[in-house]
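Engineer: sequence? don't have it. structure:
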Ligand SMILES: N[C@@H](CCC(=O)N[C@@H](CS)C(=O)NCC(=O)O)C(=O)O
Ligand code: FES
């Protein structure tokens with residue numbers, strides 16, 4: 001595994017809920033990332049770890065390879081890739097996301 005893939009792997013395995021996004025939870029820099037944060041807030045997540053890909057070009061590109069998913073945001077729960085903002089919204093509406101988050 002390359003250095004950046006290893007860094008991403010450590011991050012998602014050492015934090016329960018990780019969102020790779022543009023900006024941060026307080027100041028999202030893109031509507032898709034903002035929507036992802038809002039969905040997680042609506043689920044009552046209190047232990048969200050965000051990573052701002054705009055501050056790390058290597059991770060911005062590496063994360064696309066890591067999950068074989070071409071866009072940001074990307075959500076991971078318990079080390080597993082969940083999806084981008086569209087998938088998060090679908091899973092929120094069906095209740096699956098709340099369930100994946102442990103019924104918070
Ligand atoms: N439909 C996508 C929207 C995300 C998206 O299109 N992201 C683009 C624009 S922010 C992206 O990550 N482009 C590659 C890049 O900026 O590196 C989703 O469900 O999350
Ligand atoms: S930064 Fe332009 S669509 Fe996300």
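Structural biologist: Sure, I can see it. What you are looking at is a predicted structure, and each value in this text was computed from that prediction instead of being measured. Residues are numbered from 1 along each chain as shown. Ligands and ions are numbered 1, 2, ... in the order given.
Engineer: how about low-confidence regions in this protein?
Structural biologist: Along the chain, the parts satisfying pLDDT under 70 run over 103-104.
Engineer: residue in it nearest to ligand 1?
Structural biologist: Closest to ligand 1 within the chain is residue 84: 2.6 Å, counting by Cβ to the nearest ligand atom. Using the backbone N, CA and C atoms, a C-beta is placed for each residue, glycine as well.
Engineer: Quick check: that residue vs ligand 2, distance?
Structural biologist: 11 Å (Cβ to the nearest ligand atom, to the nearest Å).
Engineer: And that residue, how far from residue 30?
Structural biologist: 12 Å (Cβ to Cβ, to the nearest Å).
Engineer: same question, residue 16
Structural biologist: 24 Å.
Engineer: okay but the residue of the chain closest to ligand 1 is in contact with residue 32, surely?
Structural biologist: Yes: shown here, residue 84 and residue 32 form a contact pair, counting by Cβ atoms under 8 Å, at 7.2 Å.
Engineer: Which one's more surrounded, these two?
Structural biologist: Per other Cβ atoms under 10 Å, whichever of residue 84 and residue 32 has more neighbours is residue 84, with 21 against 16.
Engineer: Mind listing the shared neighbours of residue 84 and residue 30?
Structural biologist: Shared contacts of residue 84 and residue 30 (Cβ atoms under 8 Å, 6 or more residues apart in numbering): residue 72.
Engineer: circling back to that earlier point, hey, what's in contact with both of residue 84 and residue 32?
Structural biologist: Joint contacts of residue 84 and residue 32 (Cβ under 8 Å, 6+ apart) are 71-73.
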